[in-house]
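In: got a sequence here, can you build the structure:
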Amino acid sequence: MGVIEVPALSLWQPWAWLLVHGHEHANGKRIENRRWPLPESACGRWCLIHAAKRGATEKELLAARCVARAAGLPAPDLPWCNEQLMQTNAAGAVVAAFGGIVGAVKWGAPADCEAHYSSPWWAGPFGWPTLDAKVLPFVAWRGRQGLFGVPLSGLPAAYQWLGKEASDE
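Out: Predicted structure coming up:
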């Protein structure tokens with residue numbers, strides 16, 4: 001058996017945080033907007049969410065805050081500045097959640113987007129709906145543009161369930 005790679009997608013904060021926490025609230029961020037369609041091979045599969053090393057600008061944080069408020073998310077549960085985007089790593093230390101993997105989402109099919117068209121999170125032109133999301137221990141990792149593979153062997157124990165998911169597909 002070869003190396004098992006899990007697909008990953010790099011997002012700027014606070015969008016990465018909002019996506020991996022998207023299923024914790026009724027109106028959470030459950031759709032990722034892209035300029036290209038979700039590959040068919042990604043539908044129904046788990047994908048790691050990587051938080052880019054670059055922090056959000058004040059304008060981007062304001063935009064995220066406005067959309068979150070429009071969605072009715074409780075303000076205390078959301079990060080409103082780069083300093084609040086913290087996460088626990090595999091060793092239990094609290095670290096800034098930039099430049100690494102912060103969680104995973106399970107992509108839905110593009111047809112599932114119709115349920116999101118009225119969502120304040122929808123911006124298009126292509127929506128990648130999520131069926132589920134998990135916050136995972138932060139793992140520093142170099143990101144890339146587009147979908148990229150991350151070898152499962154380089155991730156801590158909290159990520160190993162993804163190997164079973166990958167072998168079931």
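
In: so which bits of stretch 43-53 are buried?
Out: Buried residues in stretch 43-53, counted by 16 or more other CB atoms under 10 Å: 43, 45-52. Placement of C-beta: from N, CA and C, glycine included.

In: surely W36 touches F126?
Out: Yes: contact criterion CB atoms under 8 Å: W36 and F126 qualify, at 6.1 Å.

In: could you pull out the strands in the chain for me?
Out: 5-11, 31-34, 46-51, 86-88, 94-96, 100-107, 126-140, 147-151 (DSSP state E).

In: let's have those strands in CSV, adding mean pLDDT.
Out: Listed next are these as CSV, based on pLDDT from 0 to 100:
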stretch, mean pLDDT
strand 5-11, 95
strand 31-34, 91
strand 46-51, 96
strand 86-88, 75
strand 94-96, 72
strand 100-107, 96
strand 126-140, 92
strand 147-151, 96
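
In: and the ones you listed: which comes nearest A157?
Out: Shortest distance between A157 and the strands of the chain, using CB to CB, is found for strand 126-140: 9.2 Å.

In: tilt between the closest one and strand 100-107?
Out: Angle, strand 126-140 to strand 100-107, by axes from the mean of the first three to the mean of the last three CA atoms, to 10 degrees: 150 degrees.

In: give me the distance between strand 126-140 and the centre of its chain.
Out: 3 Å (CA atoms, centre = their mean, to the nearest Å).

In: show me what the longest helix seen in the chain packs onto, helices and strands only.
Out: Assignment by DSSP state H gives helix 58-70 as the longest helix of the chain. Helix 58-70 sits against helix 15-20, with contacts defined as 3 or more CB pairs under 8 Å, 6 or more residues apart in numbering; DSSP states H and E.

In: residues contacting the helix it packs on, please?
Out: Under the contact criterion CB atoms under 8 Å, 6 or more residues apart in numbering, helix 15-20 has outside partners 11, 28-29, 32, 49-52, 64, 68, 78-79, 85, 97, 102-105, 130, 133-136.

In: and if you look at stretch 37-49?
Out: 6-9, 11, 16, 19-20, 101-110, 126, 128, 131, 147, 150, 159, 162, 165-166, 169.

In: whichever of these end up buried, select them in PyMOL.
Out: To isolate the buried members of those in PyMOL, using 16+ other CB under 10 Å:
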select buried, resi 6+7+8+9+11+16+19+20+101+102+103+104+105+106+107+108+128+147+150+159+162
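
In: residues of stretch 118-126 that come out buried?
Out: Here stretch 118-126 shows 119-122 as buried, counting by 16+ other CB under 10 Å.
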